[in-house]
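Participant: Got a sequence here, can you build the structure:
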Amino acid sequence: MFTADLCFLTIPEASRLLKSKRLSSLELTKAVLVRAKATQPKTNAFTAILEESALAEARRADRAIAQGRYKGPLHGIPISIKDIFDMKGLITSCGSAVLHDNVAKADSTAVARLRDAGAVIIGKNNMTEFAVDMPSPVFGPAHNPWNYDYLAGISSSGSGASLVVGAGFASMGTDTGGSIRLPATFCGCTGIKPTYGRVSRYGVFPLAWTLDHAGPLARTVEDAAITLQAIAGYDANDPTTADVPVPSYTRDLRKGVRGLRIGVPKEHFFEGLNPEVEAHVRQAIERLRKLGARVQSVSVPNATKSMLAMSSIIRVEQAAAHEQLLRTRLHLYGGTLGDRLVAASLRPAVDYIKAQRIRMLIVQDFHAAFEKVDVIATPTMPILPFKISEQKPGGAGQGATMSNFTAPFDLTGSPAISIPCGFSASGLPIGLQLIGKPFAEATVLRTAYAYEQSTDWHTRRPPL
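Facilitator: Below is the predicted model:
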């Protein structure tokens, strides 16, 4: 099998070969490292490629499998980690010079659980500075593999870019306003933001405590489900995690959508859309209907206020997270970020409280909607991916509309997935977003899988 073919196996395909010893983790990891190094000059998807440690981890995986100590579908599988998660002995830079000396003393819980599952970590992924809106001033932007002049997304951008070029089978990302789902859309892969509290954020540098989520990106829905399975669950080190049983995320993947109720919002989510985005998303919803789902309208009138609430909450909470750094390292922030954080720290408390009250109205709207439906379907993003040169500080320009459809579900904490549902005439990916009830990730994944398997969008590769 050619190196490139190995890199584009699914996790179940690769794990079957590893378990049967027809393929070694060392062979697979070497293939992925070759791919990562070859594509890095074009995508800039990594802040560090961990070749030496990855090969050592692969050899350990091979020894364990040979001794009959197979751990499961991630054992020996090469993955990557966004550079916002702590990995013991490595710098967690968050894409910023501010944290140039921030050496992690221990693994984050997500990384520790992935290691426990036997995954091989091949590198740390590039990201926007502190997961906000502008490229890292240290590492530069991650480039979209479908067009290198274009952005690979906000925040978890390197994660999305690395996956679609075959430089890893999954990647850990974070999502505060859409930062798992937006790179998935920009790059044409899958990204799931679990329910708030489903995945530990211990050892993850915070952006906004009441909005931050951690979750995986992958090339397919099943790969994302397998990765989520390894990291989900209560963690005593993170008091925001929920002590709620974690079901099997793969058991019901193939049950289909017949009889599932899918809601299409009347308000907000189909306003101001790029025509190509709207056409592909509506075709995707129609495809779900033909697969047996019952499609109906739902009303979520307060969703139109999502960005108003989000802008106040995220900025104030981020300013609080950066309070000490702003006092001592303001000069090391890139662009205008430091000044914007200082300004955010001066916002009146009453504005923050008002934003939280608006948030509760949005939560109530979706709670009522989910009494009538099982899943809600929307575009992931109202616009097409855009050029790196068009990215503006503070989310101005095109960036202002990027997270309009993702942010509501960081506010509600609902599980939400983005999967590819088409390409524009210019060859840029378009995403379908599916949202579920709290802790109903299995239903969201099942719905996404049914759509994915009825199309071939997830099989397409960028012309490298």
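
Participant: residue ranges with poor pLDDT in the stretch 351-464 of the chain?
Facilitator: Low-confidence segments of the stretch 351-464 of the chain, defined by pLDDT under 70: 394-400.

Participant: mind listing the strands for the stretch 1-150 of the chain?
Facilitator: Secondary structure of the stretch 1-150 of the chain (DSSP state E, counting those that start in this stretch): strands at 46-49, 78-82, 120-125, 143-144, 147-151.

Participant: Just say which of those is most tucked in.
Facilitator: Neighbour counts (mean count of other C-beta atoms under 10 Å) averaged over each of the strands of the stretch 1-150 of the chain peak at strand 78-82, with a mean of 30. Every C-beta, even on glycine, is put in place using the N, C-alpha and C of the backbone.

Participant: now that one against strand 120-125, angle please.
Facilitator: Angle of strand 78-82 versus strand 120-125, following axes from the mean of the first three to the mean of the last three C-alpha atoms, to 10 degrees, is 30 degrees.

Participant: need the contact list for Asn125.
Facilitator: Taking C-beta atoms under 8 Å, 6 or more residues apart in numbering, we find Asn125 in contact with 45-47, 80-83, 142, 156-159, 162, 171, 173.

Participant: Just give me the residue closest to the centre of the protein.
Facilitator: Ile180 (2.1 Å; C-alpha atoms, centre = their mean).

Participant: where does this protein dip in pLDDT?
Facilitator: In the chain, residues with pLDDT under 70: 1-4, 394-400.

Participant: Output the longest helix belonging to it.
Facilitator: Taking DSSP state H as the criterion, the chain has its longest helix at helix 349-369.

Participant: Parallel or antiparallel, which strands does the very next helix or strand once past that one pair with?
Facilitator: For helix 349-369, the following helix or strand on the C-terminal side (DSSP states H and E) is strand 375-379. Strand partners for strand 375-379, identified by DSSP bridges, are recorded as strand 261-265 (parallel), strand 429-436 (antiparallel).

Participant: coming back round to it: how about the strands of the stretch 1-150 of the chain in a markdown table, adding distance to Glu276?
Facilitator: Formatted as a markdown table, the strands of the stretch 1-150 of the chain follow (distance: least, C-beta to C-beta, whole Å):
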| stretch | distance to Glu276 |
| --- | --- |
| strand 46-49 | 31 |
| strand 78-82 | 29 |
| strand 120-125 | 28 |
| strand 143-144 | 16 |
| strand 147-151 | 15 |
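
Participant: so which of the ones you listed gets nearest Gly166?
Facilitator: strand 78-82 (10.1 Å; C-beta to C-beta).

Participant: That closest one pairs with which strands, parallel or anti?
Facilitator: strand 120-125 (parallel), strand 170-175 (parallel).

Participant: Turn those into TSV, including distance to Leu341.
Facilitator: Converted to TSV, these look like this (distance: least, C-beta to C-beta, whole Å):
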stretch	distance to Leu341
strand 120-125	23
strand 170-175	18
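
Participant: Which strands and helices lie in contact with the longest helix of the chain?
Facilitator: helix 306-321, helix 407-412 (3 or more C-beta pairs under 8 Å, 6 or more residues apart in numbering; DSSP states H and E).

Participant: Deepest-packed of the ones you listed, please.
Facilitator: Across the helices and strands packed on helix 349-369, the average number of neighbours (mean count of other C-beta under 10 Å) peaks for helix 407-412, which reaches a mean of 28.

Participant: And the longest helix of the chain, what's buried?
Facilitator: Tyr352, Ala355, Ile358, Arg359, Ile362, Val363, Asp365, Phe366, Ala369 (16 or more other C-beta atoms under 10 Å).

Participant: Against Ala61, how distant is the residue located most distally from the centre of the chain?
Facilitator: Most distant residue from the mean C-alpha position of the chain: Gln67, 34.7 Å away (C-alpha atoms, centre = their mean). For Gln67, the distance to Ala61 equals 11 Å [C-beta to C-beta, to the nearest Å].

Participant: Go through the strands paired with strand 78-82 and name the closest to Pro348.
Facilitator: strand 170-175 (27.6 Å).

Participant: my guess is Val277 is in a helix, correct?
Facilitator: Yes: assessed by DSSP: H, G, I helix; E, B strand; the rest coil, Val277 belongs to a helix.

Participant: list the contacts for it?
Facilitator: Contacts of Val277 (C-beta under 8 Å, 6+ apart): Pro379, Met381, Pro382, Ile383, Leu384, Ile430.

Participant: Nearest to Glu27 among those residues?
Facilitator: Ile430 (35.2 Å).

Participant: Tell me which stretches of the stretch 51-200 of the chain form helices.
Facilitator: 51-66, 109-116, 157-164, 181-187 (DSSP state H, counting those that start in this stretch).

Participant: okay, these in JSON lines with mean neighbour count and distance to Thr443 next?
Facilitator: Output for these, formatted as JSON lines (neighbours: other C-beta atoms under 10 Å; distance: least, C-beta to C-beta, whole Å):
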{"stretch": "helix 51-66", "mean neighbour count": "17", "distance to Thr443": "32"}
{"stretch": "helix 109-116", "mean neighbour count": "21", "distance to Thr443": "23"}
{"stretch": "helix 157-164", "mean neighbour count": "34", "distance to Thr443": "24"}
{"stretch": "helix 181-187", "mean neighbour count": "34", "distance to Thr443": "17"}
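
Participant: Burial check on the nearest residue to Phe423 once chain neighbours are set aside, number of neighbours?
Facilitator: Leaving aside its sequence neighbours, Phe423 sits nearest to Pro429 (C-beta to C-beta, 6 or more residues apart in numbering; 5.8 Å). Using other C-beta atoms under 10 Å, Pro429 is surrounded by 29 other residues.

Participant: Straight-line length of stretch 268-283, end to end?
Facilitator: 19 Å (C-alpha to C-alpha, to the nearest Å).

Participant: If you could redo that for stretch 179-192, that was the one I meant.
Facilitator: 10 Å.

Participant: Equivalent analysis for stretch 144-159, please.
Facilitator: Stretch 144-159 has an end-to-end distance of 11 Å (criterion: C-alpha to C-alpha).

Participant: re earlier: if we take the contacts of Val277, which one ends up nearest to Gly233?
Facilitator: Nearest to Gly233, judged by C-beta to C-beta, of those is Met381 at 29.9 Å.

Participant: Can you tell me how far the closest one is from Gly191?
Facilitator: 12 Å.

Participant: what touches both of these two?
Facilitator: By C-beta under 8 Å, 6+ apart, the residues touching both Met381 and Gly191 are Thr185.

Participant: Counting neighbours, go ahead and name the busier of the two.
Facilitator: Gly191 (34 against 29).

Participant: Contacts only, for Phe169.
Facilitator: Taking C-beta under 8 Å, 6+ apart, we find Phe169 in contact with Leu9, Thr10, Ile11, Ala14, Val32, Ile77, Pro78, Ile79, Leu163, Ala218, Arg219, Asp223.

Participant: Pull out the buried members of those residues.
Facilitator: Leu9, Thr10, Ile11, Ala14, Val32, Ile77, Pro78, Ile79, Leu163, Ala218, Arg219, Asp223.

Participant: Lys105 - how many residues pack around it?
Facilitator: Using other C-beta under 10 Å, Lys105 has 8 neighbouring residues.
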